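**Student:** just the structure for this:
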Amino acid sequence: MRKFVSIALFFTLVLSVVTGIVLYIMPHGRVAYWTGWRLFGLGKDQWEALHIVFAFGMAFSGLYHLYLNWKLFKRYLPSKAFFAVALGTLTLFILAVRNLPPVSFVTDLEETIKRSWEKDFSQPPFPHAELLTLHQISERFGFPLEELMARAKERGIKKVSPNITLKDLAKKLGTTPADAFYLIVGRQQKSLIESQKISPRQSRKSTSSSSSLSYPGRRTLKEVCDYFGFSPESCLAVLQKHGIRADLNMRLKDIVRPQGKLPVEIVQWLSAEAGK
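**Tutor:** Next up is the predicted model:
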């Protein structure tokens, strides 16, 4: 039994590491789902499922391995090595929770790698646009619903429902949600669709525009300032009014963490000032 458990632990460990690396480098969901991102023929959901399954397998194998070797392991419990490893684990836990160096270097690198994919792929009109139905596309962008359904039928889909999502439509067409979107609305409409994204100037006219800024915690203060059309000095002044001093290259989640606030609060402050 020890032989089988050790081999199972080895394979589940290796596969957990491999799938973990893939999750570390894959693009954010909004890009992965929109572009149909795949690696070795597997999509985001499949890699996540593999990682969860093999992580459970590793946990089960590890616990059973500990059970088989409990008598030997008990000898380590009162040792200095045990307490040293426990202290190191606790330290890593605290550093990870508070996103402090050197752990923050690992998470920053992950964010850099994930965002690098965005330069190579088309961006969705807004996060998780692949979940839009034809009816919602018609309402949001002003395209006639009958025309959208007719174009889908022209692509070989016999039964088209107004409630079919882009994700499901893409599966039937054998393409990505992004391609399915432009197939039914027409690629010549791309510039029109891009213009319907909230721009910095438009955001000055509405204090509710904070909801259109996706994933604010991951963005740097400079990006958010540019989004609302603030100069660096004006942007920093807004934060200082709320008792926060920050660097323009810091991410919002790192700025607000010591104050116990949320990234969206900074967005709301800037949005309110932009609306004045």
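**Student:** alpha carbons only for contacts and neighbour counts from here, please
**Tutor:** Will do.
**Student:** can you give me the neighbour number for L9?
**Tutor:** By other C-alpha atoms under 10 Å, the residues close to L9 number 21.
**Student:** what does T35 give?
**Tutor:** For T35, using other C-alpha under 10 Å, the count is 19.
**Student:** okay but it is in contact with F181, surely?
**Tutor:** No: the criterion here is C-alpha atoms under 8 Å, and T35 misses it with F181 at 10.7 Å.
**Student:** residue ranges with poor pLDDT in the stretch 51-200 of the chain?
**Tutor:** 119-122, 187-200 (pLDDT under 70).
**Student:** what segments of it are helices?
**Tutor:** 70-74, 80-98, 103-116, 134-141, 145-154, 166-173, 177-185, 190-195, 200-203 (DSSP state H, counting those that start in this stretch).
**Student:** go through the second one and flag the buried ones.
**Tutor:** Okay, so that is helix 80-98. Residues of helix 80-98 classed as buried: L92, A96 (neighbour count, 16 or more other C-alpha atoms under 10 Å).
**Student:** name the helices or strands packed onto it?
**Tutor:** Applying 3 or more C-alpha pairs under 8 Å, 6 or more residues apart in numbering; DSSP states H and E, one finds that helix 80-98 contacts helix 103-116.
**Student:** how about the CA coordinates for the helix it packs on, as CSV?
**Tutor:** Output in CSV follows, covering the C-alpha atoms of helix 103-116 (Å, rounded to 0.1, in the frame of the first residue of the first chain):
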residue,chain,number,x,y,z
VAL,A,103,5.5,37.3,-1.7
SER,A,104,4.1,40.3,-3.4
PHE,A,105,6.8,40.0,-6.1
VAL,A,106,5.2,36.6,-7.0
THR,A,107,1.7,38.0,-7.3
ASP,A,108,2.9,41.1,-9.1
LEU,A,109,4.6,38.9,-11.7
GLU,A,110,1.4,36.9,-12.1
GLU,A,111,-0.6,40.0,-12.8
THR,A,112,2.0,41.2,-15.3
ILE,A,113,1.9,37.9,-17.2
LYS,A,114,-1.9,37.8,-17.2
ARG,A,115,-2.2,41.3,-18.4
SER,A,116,0.4,40.7,-21.1
